[in-house]
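predicted coordinates and the sequence they were generated for:
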Amino acid sequence: MKEYIVLLRGINVGGKNTIKMSELKNLLEHIGFFNVQTYIQSGNLILQSKQNRVNDIKNSVHNLIVSEFKMNIPVMVFEKRYLTEILKNNPFNKNEKLDTKYLHITFLDKNNDDNDRETLLSLSTVKDKLSFGKKCIYLYCPDGYSKTKLTNNLIEKKLKTIATTRNLKTLNKMIELS
């Protein structure tokens, strides 16, 4: 049985798409997932599954949310080793002057082409920095993520894919719990 990290896009943010994580946890265990854990209320899950395909897990979680909560919430599923690799390869880790509380990673549902990347890079500001990784974007937002223009919505529009962002603290905690 393998362990997976699941990120839900836009759950319990600003009073929208409200899902009680304890209820979701129970429902996931009821449909065959094991040792389901949640971390904070914004759609972070760790679970074990007999299924070995990330897409099967993604579809199971997504279909459960649609059927039980009547919400079409994007779901991303990762193996721990992928998330560990993403964190290790963060290009901003090399700059000791950067405050890690302003580091974020935006996960992408699909890879993008160079034209899309150039468009997004052109939107980077003097303060806000971004760098592309393997199906992710590393962000440094020194004024805070709530003030950046490099939001999930903008990234999704420019790259034509689903995106969800987590701060470094949350991602490190997810790794620790898994």
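Okay, I see it.

where's Leu27, which helix or strand?
helix 21-30 (DSSP states H and E).

buried ones in that helix?
Using 16 or more other Cβ atoms under 10 Å as the test for burial, helix 21-30 gives 21, 24-25, 27-28. The way it works is simple: take the backbone N, C-alpha and C, and place the C-beta from them, glycine included.

which other residues reach that helix?
Residues lying outside helix 21-30 but in contact with it, judged by Cβ atoms under 8 Å, 6 or more residues apart in numbering, are 12, 36-38, 41, 43, 45, 47, 61, 64-65, 68-69.

dump it to CSV, keeping only the CA atoms.
Provided in CSV are the C-alpha atoms of helix 21-30 (Å, rounded to 0.1, in the frame of the first residue of the first chain):
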residue,chain,number,x,y,z
MET,A,21,-12.3,18.0,6.5
SER,A,22,-13.3,15.5,9.2
GLU,A,23,-16.3,14.6,7.1
LEU,A,24,-14.2,14.3,4.0
LYS,A,25,-11.8,12.1,5.9
ASN,A,26,-14.6,9.7,7.0
LEU,A,27,-16.0,9.5,3.5
LEU,A,28,-12.6,8.8,2.0
GLU,A,29,-12.0,6.0,4.5
HIS,A,30,-15.5,4.7,3.7
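
use 22 as the first number for this chain going forward.
Taking 22 as the first residue, the last one we looked at is helix 42-51.

next secondary structure element downstream of it?
Helix 42-51 is succeeded, C-terminally, by strand 55-60 (DSSP H and E).

ok, and for that following strand, which residues are buried?
Burial within strand 55-60, assessed by neighbour count using 16+ other Cβ under 10 Å, is assigned to 57-60.

ditto for stretch 77-95
For stretch 77-95, burial by neighbour count (16+ other Cβ under 10 Å) applies to 78-79, 81-83, 85-86, 90, 94-95.

do the same with stretch 153-160
153-154, 156-160.

turn these into TSV, columns for pLDDT and secondary structure.
Formatted as TSV, the buried residues of stretch 153-160 follow (pLDDT from 0 to 100; DSSP: H, G, I helix; E, B strand; the rest coil):
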residue	pLDDT	secondary structure
Phe153	89	strand
Gly154	88	strand
Lys156	90	coil
Cys157	93	strand
Ile158	93	strand
Tyr159	94	strand
Leu160	93	strand
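
hang on, the earlier thing: in helices, which of the buried residues of stretch 77-95 appear?
Using DSSP state H, the subset of these located in helices is 78-79, 81-83, 85-86, 90.

what part of the protein, helix or strand, is modelled with the least confidence?
Lowest on mean pLDDT, DSSP states H and E among the helices and strands of the chain sits helix 135-143, with a mean of 74.

quick check: buried residues in that helix?
For helix 135-143, using 16+ other Cβ under 10 Å, the buried residues are 137-138, 141.
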